[in-house]
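>>> The amino acid sequence is not available; the structure is as follows:
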């Protein structure tokens, strides 16, 4: 009897994970930073540029993010009730 072999050895990729660039506004918690991400868009009726800010709690394993740093964060599994982003890298250190 012939053995059936599965010729598909491809790895299944997860969906695209969202990445954001923002500024650290708080680093008071242990292994957690709060990052403010500013979204800029044009108002559909008045055509004025509008800024919308959203704050995310971000997992920072080594506590390297400081207030004022510009950081890259990526979506991941939930670390807690409202912490579902992780710190990927510090793009620019605060002065």
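Everything's here; your move. These figures come from a predicted structure and were not determined experimentally.
>>> Wait, residue 79 touches residue 59, no?
Yes: contact criterion Cβ atoms under 8 Å: residue 79 and residue 59 qualify, at 4.8 Å. For every residue, glycine as well, the C-beta is placed using N, CA and C.
>>> okay, and the common contacts of those two?
Common neighbours of residue 79 and residue 59, counting by Cβ atoms under 8 Å, 6 or more residues apart in numbering, are residue 86.
>>> List the buried residues of stretch 65-78.
65, 69, 71, 73 (16 or more other Cβ atoms under 10 Å).
>>> How about stretch 85-94?
Across stretch 85-94, burial judged by 16+ other Cβ under 10 Å covers 85-88, 90.
>>> Narrow these to those in strands?
Among the buried residues of stretch 85-94, the members found in strands (DSSP state E) are 85-88, 90.
>>> so which two of the residues you listed are the farthest from each other?
For these, the farthest-apart pair by Cβ to Cβ is 85 and 90; their separation is 14.3 Å.
>>> Please enumerate the strands of this structure.
Assigned by DSSP E, the strands in the chain fall at 19-26, 32-42, 49-59, 70-75, 83-92.
>>> so the second one versus strand 19-26, what angle?
With axes from the mean of the first three to the mean of the last three Cα atoms, to 10 degrees defining the directions, strand 32-42 sits at 120 degrees from strand 19-26.
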